[in-house]
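[1] Using only what follows, build the 3D model:
(chains A and B)
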Amino acid sequence: MLSRRLIPCLDVRDGQVVKGVRFRDHVVMGAIEDLALRYRDEGADELVFYDITASPQGRAVDVGWVERVARLIDIPFCVAGGIRSVAQARAVLQAGADKVSVNTPALERPELISELAQAFGVQCVVVGVDSLRDADGEWRVRAYTGDPDRTRALPRRTLDWVAEAQALGAGEIVLNCMGADGVRQGYDLEQLRAVRALCRVPLVASGGAGAMEHFAAAFLDADVDAALAASVFHSGAVRIPELKTALRAQGIEVRDVA
Amino acid sequence: MNVVLVDSGGANLGSVRYALQRLGVEPAVSGDAAVIAAADRVILPGVGAAGPGMARLRELGLVQPLRDLRQPLLGICLGMQLLFDGSEEGGETCLGLIPGQVRRMPESPGVRVPHMGWNRLQSRRESPLLRGIDDGAQAYFVHSYAAPVTADTVAESTHGQPFAAIVQRGNVAGAQFHPERSGAVGARLLANFLESGVA
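    Residues are numbered from 1 along each chain as shown, chains lettered A, B, ... in the order given. Sure thing, here's the model as predicted:
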């Protein structure tokens, strides 16, 4: 049986891992390689690296650290950040990443998703969706979220975008619920359930994890395939071995920690 | 030992090379038939679709040289699928080293395709490839197409339906999961292949 995945997310800025609250006020958490190894040893199922300044600065991700991570770890990892062409994705994949995640560039030019799927197969193509509920009650997507001063609200409804991204060839969707991000009050289950209902490919919950029960709720109530978190893992508030024991006790299939 | 990674254009070439380096082996990366024919072990990696994968092997003139190998050959992910007679993905004719057709994995409620993540290996028969790998050990998969469970299946896995996770026929073996990204289990499979081949 397929395990539910736990995915520490490492936001990368200037070659270091940082973490902000609601995408603002970043503090340095440590070196990329140190955190990658720590999470591998603790039983993380996969890692995601977001080069959070690449897209706002209009540059592609630096493949130097991608290669260093690829040499070091023996679990899969995904890289996101300013990938806006097949050539840039190829450089990241050839450096050793297993998947690429596109967000703002896919909103600007949705055909990018199809081009990546044709070049590398849908299983390599993750679409990250930054979503926030507007005053009228609709969830809509945001672009350029790596830089609060450049973050833009778009007219596109989150549910429409998820359907479109899948049709274009997304092999996985990461739903970042921005209203919940960094405040540790739990994943946005209502929004995750709404997206799950129309998402046929793997769905990853992101934003809001603060305690072990939040992960269980995302798996049991929103049926997500994976749960991504940053600050609770970085701070040690939730430790992956204990989390896996707790999830397994609730009948949730997880990978054994070696 | 002379290990050659076939430069099949797959994007996981680097990851497989790093995994071998972690085992203390420096593989040659080559698309040259003579270099491949002279290897002690040949690994065919691959990520992507069957059509471009076979097109690349034809372009390099490697179809017959791979069929003619007598030394141990290991296909990984798409590389394993290419060992079969053919794939439903694009109706592609493949290398024909292992009988059977690779088909798209059926979706059903709660069974999402691509099959992405860690899943359990269930042994079907004895093989040196499984030495030190417990029944039920988990490996990392990411794929939408899969080969059927047949007499050549060494270990199966289940996602909705059972499918072939490790195969072996004569000198030819394959892993549908990514040993280079499957922690200690994947490293063990690669080490087993290097040490004992597939016999």
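[2] From here on, just use CA atoms for contacts and neighbour counts.
    OK.
[3] need the strands for the stretch 1-150 of chain A, in chain order.
    For the stretch 1-150 of chain A, strands defined by DSSP state E, counting those that start in this stretch occupy the ranges A:5-13, A:16-21, A:24-31, A:47-51, A:77-80, A:99-102, A:125-133, A:139-143.
[4] how about these in TSV, adding mean neighbour count?
    Rendered in TSV, the data for the strands of the stretch 1-150 of chain A read as follows (neighbours: other CA atoms under 10 Å in any protein chain shown):
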stretch	mean neighbour count
strand A:5-13	24
strand A:16-21	20
strand A:24-31	14
strand A:47-51	23
strand A:77-80	24
strand A:99-102	27
strand A:125-133	24
strand A:139-143	22
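[5] pretty sure residue B:119 is touching residue B:141, no?
    Yes. Proximity of residue B:119 to residue B:141 meets the contact threshold set by CA atoms under 8 Å, at 7.1 Å.
[6] quick one, which of the strands of the stretch 1-150 of chain A is nearest to chain B?
    Using CA to the nearest CA as the measure, strand A:5-13 is the one of the strands of the stretch 1-150 of chain A that comes nearest chain B, at 6.9 Å.
[7] mind listing what that closest one pairs with, with the direction of each?
    Taking DSSP bridges as the criterion, strand A:5-13 sits next to strand A:16-21 (antiparallel), strand A:47-51 (parallel), strand A:226-229 (parallel) in its sheet.
[8] Can you pull up the residues of chain A that come close to chain B?
    Taking CA under 8 Å from any CA of the partner chain as the measure of proximity, chain A contacts chain B at A:1-5, A:45, A:70-71, A:73-76, A:90, A:93-98, A:119-123, A:171, A:200-202, A:255-256, A:258.
[9] what about 7 Å?
    A:1-3, A:5, A:70-71, A:74-76, A:93-96, A:120-121, A:123, A:171, A:200-202, A:255 (CA under 7 Å from any CA of the partner chain).
[10] from those, which ones fall inside helices?
    A:70-71, A:93-94, A:120 (DSSP state H).
[11] Those residues: which two are farthest apart?
    The most widely separated members of these are A:71 and A:120, with 21.0 Å between them, by CA to CA.
[12] Who has more neighbours out of these two?
    Taking other CA atoms under 10 Å in any protein chain shown, residue A:71 and residue A:120 do not tie; residue A:120 has more neighbours (24 against 19).
[13] okay, and for the chain, where does confidence drop off?
    Reading this off chain A. Counting by pLDDT under 70, the low-confidence segments of chain A come to A:20-25, A:54-58, A:146, A:258.
[14] Can you look at chain B instead?
    Segments of chain B classed as low confidence (criterion: pLDDT under 70) are B:10-11, B:199.
[15] how about the residues of it near chain A?
    Contact residues, chain B versus chain A (CA under 7 Å from any CA): B:11-12, B:14-15, B:18, B:47-49, B:112-114, B:117-120, B:138, B:142-143, B:158-159, B:180-183.
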